[in-house]
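**Q** Coordinates only, no sequence provided:
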Ligand code: GLA
């Protein structure tokens, strides 16, 4: 983080001269378990990771905003209060979406200069976009000393993504980026928006992220399709089971009730609903397993989650299946599953410390034999990190903000 901060400060000096008023940082995430459940009011259990987006900002007089992205080497300029959702610069849309949501709450920072930098890989399913949104909101709010709770920040950033960017995502990514706690996963109830912090740094074990290198091509259209299939499935069930006719009605459904109620249901809709219902149970199980140090149960639930995403939810792909298969064949792997929306991106695995290198080597050795044209896989251990915060401030009064 220290190096990333030095780099953004020197980029700021180079592009604008002098120092920013403050730098905010927001992490990417890995979801340990609870996939494709958030938008159905289900349970998720993500962790914030030690990869962040940094947002350096300085107030300037007037009504212009000038920005620069270190990663894209691109400069932008726009008047305050102008939010163009079709702006050709795609990364800027996330910033504009957040500024627009802030504007709707009459939170208006006036003119400013900003620089964005970061090391969350893009398109890898580690939520670089949520990190950018949350970093933007944190920086702007701290700049003008406006307090919003972290949960409000998460919801505002989700609205930015839903309304402005046009991705109908759930709340998980923005929530963990804003509220993450070091060494912990958050078990988030996406119906009530309450969370429990679950100690997830497993002694003698490492959480390993393996990036398949496959970009998540289909994700937007297939994601929206899965959401609408879940809604249609729920509606079908609600017509037959009145106790499900309530907000987040799926939570009142158990796998057993589903199997008896589902006769005559469209088989695709049944599979989608079955994934969500059984995944909620797996999150509860995995949470208990983490609390009790029951690694066998934890691993079984991670592995079962992958199979359900592959077979019932159909969001995996041969590349992710292959990485999971290579890892779960190794005797010291506790469990492995795809993480994030699917269709490419990353796998998360829990392995014993002493087998980290061997696990990475096994994937890097076997995977290219099956997928000779794929990009090289990269893999690294993650540190479970804290959520968004201000990491630099040139004036002591700005230091207080979260
Ligand atoms: C994406 C979305 C999240 C969640 C996951 C799947 O990351 O942004 O809201 O739905 O996919 O679990």
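**A** Looks like it came in fine. The model shown is predicted, which means the values in this text are computed figures rather than measured ones. Residues are numbered from 1 along each chain as shown.

**Q** Residue 389 bridge partners, please.
**A** Judged by DSSP bridges, the bridge partners of residue 389 are residue 25.

**Q** these two touch, right, it and residue 24?
**A** Yes. Here residue 389 reaches residue 24: they are 7.0 Å apart, a contact under CB atoms under 8 Å. Placement of C-beta: from N, CA and C, glycine included.

**Q** Chain neighbours aside, what residue packs nearest to residue 232?
**A** Among residues not flanking residue 232 along the chain, residue 269 sits closest, at 5.8 Å (CB to CB, 6 or more residues apart in numbering).

**Q** thinking again about what came up before, between residue 389 and residue 24, which contacts overlap?
**A** Residues touching both residue 389 and residue 24 (CB atoms under 8 Å, 6 or more residues apart in numbering): residue 138.

**Q** still on that earlier bit, for the residue nearest to residue 232, the count of nearby residues, please.
**A** 19 (other CB atoms under 10 Å).

**Q** now swap in residue 391 and tell me
**A** 17.

**Q** list the contacts for it?
**A** For residue 391, the contacting residues are 1, 5, 23-25, 54, taking CB under 8 Å, 6+ apart as the criterion.

**Q** please redo it, this time with the cut-off set to 7 Å
**A** Counting by CB atoms under 7 Å, 6 or more residues apart in numbering, residue 391 touches 1, 5, 23, 25.

**Q** Sticking with the residue nearest the centre of the chain, tell me its helix or strand.
**A** Closest residue to the average C-alpha location of the chain: residue 173 at 3.3 Å, with CA atoms, centre = their mean. Using DSSP states H and E, residue 173 falls within helix 172-179.

**Q** right, is the next helix or strand after that helix up against the ligand?
**A** Note on helix 172-179: by DSSP H and E, the next helix or strand toward the C-terminus is strand 184-189. No. Against the ligand, strand 184-189 shows no contacts by CB under 6 Å from any ligand atom, the least distance being 10.7 Å.

**Q** Just want the angle from strand 184-189 to helix 172-179.
**A** On the basis of axes from the mean of the first three to the mean of the last three CA atoms, to 10 degrees, strand 184-189 is oriented at 130 degrees to helix 172-179.

**Q** Please name every helix or strand in contact with strand 184-189.
**A** Applying 3 or more CB pairs under 7 Å, 6 or more residues apart in numbering; DSSP states H and E, one finds that strand 184-189 contacts strand 43-59, helix 172-179, strand 194-199.

**Q** what would these look like in TSV with distance to the ligand and mean pLDDT?
**A** Formatted as TSV, the helices and strands packed on strand 184-189 follow (distance: least, CB to the nearest ligand atom, whole Å; pLDDT from 0 to 100):
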stretch	distance to the ligand	mean pLDDT
strand 43-59	7	98
helix 172-179	4	98
strand 194-199	15	98
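
**Q** Tell me how far the helix holding residue 173 lies from the chain's centre.
**A** 7 Å (CA atoms, centre = their mean, to the nearest Å).

**Q** go on, stretch 45-57?
**A** In terms of CA atoms, centre = their mean, the gap separating the centre of stretch 45-57 from the centre of its chain is 10 Å.

**Q** Residue 193 reaches residue 150, doesn't it?
**A** No. Taking contacts as CB atoms under 7 Å, residue 193 lies outside contact range of residue 150: 11.1 Å.

**Q** Which of these two has more residues huddled nearby?
**A** Between residue 193 and residue 150, residue 150 has the larger neighbour count (other CB under 10 Å), namely 19 against 13.

**Q** Spit out the contact partners of residue 340.
**A** When contacts are counted by CB under 7 Å, 6+ apart, residue 340 touches 31, 125, 346.

**Q** Now with 10 Å, please.
**A** Residues near residue 340 by CB atoms under 10 Å, 6 or more residues apart in numbering: 29-31, 35-36, 46, 124-127, 172-173, 216, 219, 315, 320, 346-348.

**Q** That one and the ligand: what is the separation?
**A** Distance of residue 340 to the ligand, computed by CB to the nearest ligand atom, to the nearest Å: 5 Å.

**Q** and whichever residue of the stretch 301-402 of the chain sits closest to the ligand, backbone torsions?
**A** Nearest residue of the stretch 301-402 of the chain to the ligand (CB to the nearest ligand atom) works out as residue 341 at 3.5 Å. Dihedral angles of residue 341 (phi, psi; degrees, to the nearest 10) stand at phi -70, psi -20.

**Q** For it, report the pLDDT, please.
**A** As summarised for this prediction, residue 341 has a pLDDT of 95.

**Q** what about it, neighbour count?
**A** 25.

**Q** residues near the closest residue to residue 21 other than its chain neighbours, how many?
**A** Leaving aside its sequence neighbours, residue 21 sits nearest to residue 58 (CB to CB, 6+ apart; 4.7 Å). By other CB under 10 Å, 20 other residues sit near residue 58.

**Q** got it, and residue 29?
**A** So residue 29, with other CB under 10 Å, has 33 neighbours.

**Q** Which residues are in contact with it?
**A** Contacts of residue 29 (CB under 10 Å, 6+ apart): 44, 46-49, 51, 120, 125-128, 130-131, 172-177, 180, 185-186, 339-340, 382, 385, 387.

**Q** Same check on residue 343?
**A** Neighbours of residue 343 in contact, by CB under 10 Å, 6+ apart: 125, 214-223, 314-317, 319-320.

**Q** Go ahead and list the helix or strand containing it.
**A** Using DSSP H and E, residue 343 falls outside every helix and strand.

**Q** just use 54 as the starting number from now, easier for me
**A** Sure thing, new numbering starts at 54, so read that last one as residue 396.

**Q** how about it, phi and psi?
**A** Backbone geometry at residue 396, expressed as degrees, to the nearest 10, gives phi 60, psi 30.
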